[in-house]
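S.K.: Sequence and computational prediction follow.
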Amino acid sequence: MRRFALPLALLIAFALVAPVAAESKSATYKGEFTTGSFYCGATPVTSPYETVTGTWTLNLSNDQTATVTVHAWYDGAHHMSTGHGKYEVATAGDTVTLKLAIWTATFDPESGTFTWATDLSSYYQCPPPTPPAVVIPGHIAKAYDNLVYTGRADQ
């Protein structure tokens, strides 16, 4: 009976672990932003920057949550790092959409495209008012109040 104890224990351990490994749908995607588009409401405006670049990472967990990290540079200077945290995931086919407050991230693994959009109208006022008009209290006068970063996955 001892002869069978170790193989039987290994067989039972494998049987318990195999379904967990088979159900794992965790994945990590990363890439670079290739463009940044700026808007005043829904109207496109000329970018106030020569270049907009950045990197992004998307970790999809098997518990249907995701962690997004975004770093952006404007004209070679670091502009922001954001997105650290868990987001609930909504899927439509293969496309994954993540929403948190003013940020919306959309990833399509089929095409490898990633979009990070934000509505800054609660913080920015565009177009900037001309004197004697006054900036809305709590807002910053900017040429844009919405932006979209678009990029592709490296993997």
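M.R.: Yep, that arrived.
S.K.: mind checking the longest strand of this protein?
M.R.: Taking DSSP state E as the criterion, the chain has its longest strand at strand 27-40.
S.K.: Of all the residues in the helix or strand following it, which ones are buried?
M.R.: Heading C-terminal from strand 27-40, the first helix or strand you meet, by DSSP states H and E, is strand 43-45. Buried residues in strand 43-45, counted by 16 or more other C-beta atoms under 10 Å: residue 45. Yep, even glycine has a C-beta here, placed from its N, CA and C like the rest.
S.K.: average model confidence for strand 43-45?
M.R.: The average pLDDT within strand 43-45 is 96.
S.K.: what does that strand contact?
M.R.: By C-beta atoms under 8 Å, 6 or more residues apart in numbering, the surrounding residues in contact with strand 43-45 are 37, 38, 39, 126, 143, 144.
S.K.: Leaving out the residues flanking it, which one is nearest to the fourth one?
M.R.: If you skip the residues right next to it in sequence, residue 126 has residue 40 as its closest partner in space, 4.0 Å away by C-beta to C-beta, 6 or more residues apart in numbering.
S.K.: which sections of the chain are below the confidence cut-off?
M.R.: For the chain, applying pLDDT under 70 flags the ranges 1-24, 84-85, 155.
S.K.: Can you show me the helices along it?
M.R.: Assigned by DSSP state H, the helices in the chain fall at 2-23.
S.K.: How many neighbouring residues does residue 131 have?
M.R.: 5 (other C-beta atoms under 10 Å).
S.K.: got the contact list for it?
M.R.: For residue 131, counting by C-beta under 8 Å, 6+ apart, there are no contacting residues.
S.K.: tell me which residues form a beta bridge with the residue nearest to residue 126?
M.R.: Residue 40 has these beta-bridge partners by DSSP bridges: residue 43.
S.K.: about what we covered before: what remains of the contacts of strand 43-45 if I keep only buried residues?
M.R.: Among these, the ones that count as buried by 16+ other C-beta under 10 Å are 37, 38, 39, 126, 144.
S.K.: right, and the second one touches residue 149 too?
M.R.: The one in question is residue 38. No. Under the criterion of C-beta atoms under 8 Å, residue 38 makes no contact with residue 149, lying 10.5 Å away.
S.K.: In this protein, mark out all the strands, start to finish.
M.R.: Remark: strands assigned in the chain by DSSP E are 27-40, 43-45, 52-60, 65-74, 77-82, 86-92, 95-100, 103-108, 113-119, 124-125, 140-141, 146-153.
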